[in-house]
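[1] Sequence and predicted structure, then a few things I'm wondering about:
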Amino acid sequence: MLQFIKGFNLLIFAMFTFFYAYQLFYVIAALWHDRKKQPIPQAGKLHKYAAVISARNESAVIGELVHSIKKQRYPAELLDVFVIADNCTDDTAEVARRAGAIVFERMNRTLVGKGYALDYAFQRIANEFSEAKYDGYFIFDADNLLDPNYVSEMNRVFDSGYRVVTSYRNSKNFDSNWISAGSALWFLREAKFLNNSRMILGTNCAVSGTGFLVSSKVIEERGGWKYHLLTEDIQFSIDCAVENERVGYCATAVFYDEQPVTFEQSWNQRLRWSKGFYQVFARYGKKLTLGVLKRHSFSCYDMLMTVAPAMLLTMASVAVNAFFFISAMLSTPVALPIMKVTFASILSSFSGFYFTLLFFGTMTVITEWKRINTTAGRKILYTFTFPLFIFTYIPIALVALFCKIEWKPIAHTISKSIEEFQ
C-alpha cells in the first residue's frame, strides 16, 4: 500500500511537470526578450475600425470609455463607436449617445449574454452600415478605458498580417483590496508571461474577454459572432487555434478595466468562468487533441492545457491522500508510515501550489512594477495574497462542476477618466 501511494504521488507530480513546464519557459522567453526589445514596424496603412461595446446597465462608466475612444491619436474618420444597450433598465443608451456613440438598443430576455449581444450588433452593422467597409472591430467591455495610443499600436500588429489581435490589460482599481489586486495581477501575468511570450515564440495568443481586435473578414467567414458559451472569449480563442487562425498580441496597446472588489462579485464572475471552461473543454477537447496529434500544433496543446480541468486533478490527488491518511489513522494498529507519506503529500501539494503562484506573482510585480497603480507597500503585500486569491478557485471549481450557472452582469461603479492613468 505504501509503495502504491508513493507511486501515485510521483505520477501526479510527473504529469503536472510534464504538461505545464512550458509555462516556466514562457517566463524565461519574456525576460530574455526584454533585454533586446525590437519596436513594432510602422503600419503601411491606417485601417478603418469600429469599436463594439456590449453594455448592460453601465451608465456609470460607459461615457468615459466612449470618451477615451474619441480621444485616440488616430484619424477620427477611421474610428466609429457602437454601443449595444443590452436589456438595459437605466439610461446607458442615452449616456452613450451623448458621448458620441451609435447606439443599438436590444431587449431579449431569452438569448442573454455578451455573445448574443455582439452577434446582434454585427448583424445590424452589416445591414445598416455596409458602406462603411470596416476592416476590423475592436471588442470592449463598458468599464474599459483606452490609452490614447491604443488604436494606433493595435493597427501596427493588425497591418502586419494578424487578423485577430489582443492587448495589454491593466487595472483601474488594483489597490482597492486583495480581491481586486488578485484579479488584476492574474491579468497582468496573462499579458506579460502568457500572451507576450506566445507572441515572441510565434504561437497563438488568446483573447481574454475584452480589449481585442478581430478582422471583419473573420466575422464574415463565421457568419457573425457564433460564440455563446459562458466564456465566449476562450471559446473564440480555441476556435482560432483549431482553425489555424493566428492570434497576435500588442504589448504597447494598453487598456484598463475594473476588477470586482467584493468576494461575492468575484465568486460569481469566476464561477461563470470555471463553468465556461468546463463547457469549452467538453466541446473542443477532442478537436484540440486531434490538432496536437495530427497537425502537431503547439497552439492547440497550449489551449488544451489552458482549459483542461487541472485543478480537479489536484483536488482528486489531495482527496486520495486524505482518504489513505484517515484510513491509516483509524486502522489497528495505526499505520504511521502511510500517515507520514500522505500528510507530506497533502502539505507539499498546497505549499507547492502557493509557492508556484507566488513565483509567477512576484515575477509579474517586478517586471510590471511601474505600470501597477498603487503604493510600493501594497504591491508587495498583494504579491503574497495573490496565491491565496487563486486558492479560492478550489471551491469555485467544485461548485461549477455540479451547479447550473447562468450569465450574470457584474456592476461597475468606478468612473475615472483616462487622464488619471497618464
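    Cool, the structure landed.

[2] which sections of the stretch 1-150 of the chain are below the confidence cut-off?
    Flagging of the stretch 1-150 of the chain using pLDDT under 70 yields the residue ranges 35-39.

[3] quick one: residue 405 is in a strand?
    No: counting by DSSP: H, G, I helix; E, B strand; the rest coil, one finds residue 405 to be coil, located in no strand.

[4] okay but it is in contact with residue 270, surely?
    No: shown here, residue 405 and residue 270 do not form a contact pair, counting by Cβ atoms under 8 Å, at 10.6 Å. Any C-beta I mention is one placed from the backbone N, CA and C, and that applies to glycine too.

[5] who has more neighbours, those two?
    A side-by-side neighbour count of residue 405 and residue 270, using other Cβ atoms under 10 Å, places residue 270 first with 20 against 17.

[6] Leaving out chain neighbours, which residue sits closest to that one?
    Nearest residue to residue 270 in three dimensions, chain neighbours excluded: residue 396, at 5.1 Å (Cβ to Cβ, 6 or more residues apart in numbering).

[7] and the one you found, how many neighbours does it have?
    When neighbours are counted by other Cβ under 10 Å, residue 396 comes out with 20.

[8] Mind telling me what element it is part of?
    Residue 396 belongs to helix 393-402 when assigned by DSSP states H and E.

[9] Which positions within that helix qualify as buried?
    394, 396-397, 400 (16 or more other Cβ atoms under 10 Å).

[10] Quick check: the gap between residue 395 and residue 79.
    43 Å (Cβ to Cβ, to the nearest Å).

[11] next one: phi and psi at the spatially most central residue of the chain?
    Against the mean C-alpha coordinate of the chain, by Cα atoms, centre = their mean, the closest residue is residue 208 at 3.3 Å. Backbone geometry at residue 208, expressed as degrees, to the nearest 10, gives phi -130, psi 70.

[12] circling back: how about residues contacting the helix holding residue 396?
    267, 270-271, 274-275, 278, 309, 311-312, 315 (Cβ atoms under 8 Å, 6 or more residues apart in numbering).

[13] Check stretch 169-179 too.
    143, 145, 180-181, 183-185, 187-188, 190-191, 208, 210-211, 254-263, 266, 371-375, 378, 381-382, 385, 388-389, 414, 416, 421.

[14] how about a cut-off of 6 Å?
    For stretch 169-179, contacts defined as Cβ atoms under 6 Å, 6 or more residues apart in numbering pick out 180-181, 184, 187, 191, 211, 254, 256, 258-259, 261, 266, 372-374, 378, 382, 385, 414, 416.

[15] Check stretch 191-210 too.
    Looking at what lies outside stretch 191-210 - Cβ under 6 Å, 6+ apart - the contacts are 26-27, 29-30, 33, 140-141, 144, 166, 168-169, 233, 237, 241, 247, 249, 251, 298-299, 364, 367.

[16] Could you pull out the buried residues of that stretch?
    191-200, 203-210.

[17] Look at the closest residue to residue 338 other than its chain neighbours and say how many residues are nearby.
    In space, and not counting its chain neighbours, residue 338 is closest to residue 328: 3.9 Å by Cβ to Cβ, 6+ apart. By other Cβ under 10 Å, 21 other residues sit near residue 328.

[18] so residue 328 is in which element?
    Using DSSP H and E, residue 328 sits within helix 310-330.

[19] Which neighbouring elements make contact with that helix?
    Counting contacts by 3 or more Cβ pairs under 6 Å, 6 or more residues apart in numbering; DSSP states H and E, helix 310-330 is packed against helix 336-367.

[20] so where's the stretch 201-350 of the chain shaky on pLDDT?
    Ranges of the stretch 201-350 of the chain meeting pLDDT under 70: none found.

[21] And the strands in it, which stretches?
    Ranges of strands in the stretch 201-350 of the chain, per DSSP state E, counting those that start in this stretch, are 212-215, 247-257.

[22] just the ones you listed: most buried one?
    strand 212-215 (a mean of 26; mean count of other Cβ atoms under 10 Å).

[23] Given that strand, what are its sheet partners and their directions?
    strand 136-141 (antiparallel), strand 164-171 (antiparallel) (DSSP bridges).

[24] roughly how far apart are residue 195 and residue 26?
    Noted for residue 195: a distance of 10 Å to residue 26, by Cβ to Cβ.

[25] Residue 83 looks like it's in a helix, true?
    No: counting by three-state DSSP, residue 83 is not part of a helix but strand.

[26] give the contact list for it.
    By Cβ under 6 Å, 6+ apart, the neighbours of residue 83 are 53, 55, 96, 101, 103.

[27] That one bridge partners, please.
    Going by DSSP bridges, residue 83 forms beta bridges with residue 53, residue 103.
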